[in-house]
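> just to be clear, the model below is a prediction. Sequence and coordinates:
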Amino acid sequence: MSKIGILGGTFNPIHNGHLTIAKHALIEQQLDHVLIMPNHHPQYRSIEGVTDEDRINMIKLAIKYEDGFIYSDVEILREGATYTVDTLRELKSASPKDEFYFIMGADSLMYFDKWRYPDEIIKLANILVAVRGDDDILKCNKKIDELGYDDRITMLKSPNTIISSSDIRDRVRNNLDISELVPESVSEYIVAHSLYI
């Protein structure tokens, strides 16, 4: 049996905050690996000037030398609406003996009960919540109590890394430095392919 983390997102672009959260999940929960899983969007429409191929390439560059991170195309290849429950069903069906850990931000936990089939998600995976400071911890504790999934939701002790992909895109558009926000290989890719300008 393997313990597998799942970090999903648009990753437009993937940044150091994503990698920090994944690393802490890997270490704190003693996971065998973390799947880095970009979300699907319609093939005919780009997200903020990038293609799926760009997002995939940046992810692969960012995790190339990171032990324990694996790129996953489970969601990006799926047509139509993508729901977490469908992803977990697919993963569990393919690897029924593995234990899954779905990583989310504190903001997502706040409306987790509005997700599609949250009770089934909780049965299929443990939830790991990345929090940003004491306020998030208090809010998350309250929400966990409300949800009643106490034994299936854990807060990560990851550092407070407030980095947003939208801020990175804005910085690129304004010709500002992003070297502290993304891996060097991702920064070089953005420049080489004239993304976000």
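Yes, it's here. Only a predicted model underlies this, so the values are computations on that prediction, with no experimental measurement involved.

> show me the helices in the chain, by range?
With helices called from DSSP state H, the chain shows them at 16-28, 52-63, 84-94, 106-110, 118-124, 134-147, 165-173, 184-192.

> for the second one, packing partners?
Pointing back at helix 52-63 there. Helices and strands touching helix 52-63, by 3 or more CB pairs under 8 Å, 6 or more residues apart in numbering; DSSP states H and E, are helix 16-28, strand 33-38, strand 69-71, helix 184-192. C-betas here are computed from N, CA, C, even on glycine.

> of these, which is nearest residue 85?
Residue 85 lies closest to strand 33-38 among these, at 14.2 Å (CB to CB).

> where are the low-confidence patches of this protein?
Applying pLDDT under 70 to the chain flags residues 41-47, 160.

> same thing but at 80, please
Applying pLDDT under 80 to the chain picks out residues 41-49, 80, 132-135, 158-161.

> quick revisit: can I get the helices and strands packed on helix 52-63 in TSV with mean neighbour count and distance to residue 48?
Below are these laid out as TSV (neighbours: other CB atoms under 10 Å; distance: least, CB to CB, whole Å):
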stretch	mean neighbour count	distance to residue 48
helix 16-28	20	16
strand 33-38	22	14
strand 69-71	17	21
helix 184-192	16	12
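
> now distance to residue 135 too, for those, in JSON lines please.
Listed next are the helices and strands packed on helix 52-63 as JSON lines, based on distance: least, CB to CB, whole Å:
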{"stretch": "helix 16-28", "distance to residue 135": "18"}
{"stretch": "strand 33-38", "distance to residue 135": "26"}
{"stretch": "strand 69-71", "distance to residue 135": "29"}
{"stretch": "helix 184-192", "distance to residue 135": "30"}
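
> which one of the ones you listed lies nearest to residue 112?
Between the helices and strands packed on helix 52-63, helix 16-28 lies closest to residue 112; by CB to CB that is 16.9 Å.

> residues in contact with that closest one?
5, 7, 9, 11, 31, 33-34, 36, 62-63, 66, 68-69, 101, 103, 128, 130, 156-159, 161-164, 180-183 (CB atoms under 8 Å, 6 or more residues apart in numbering).
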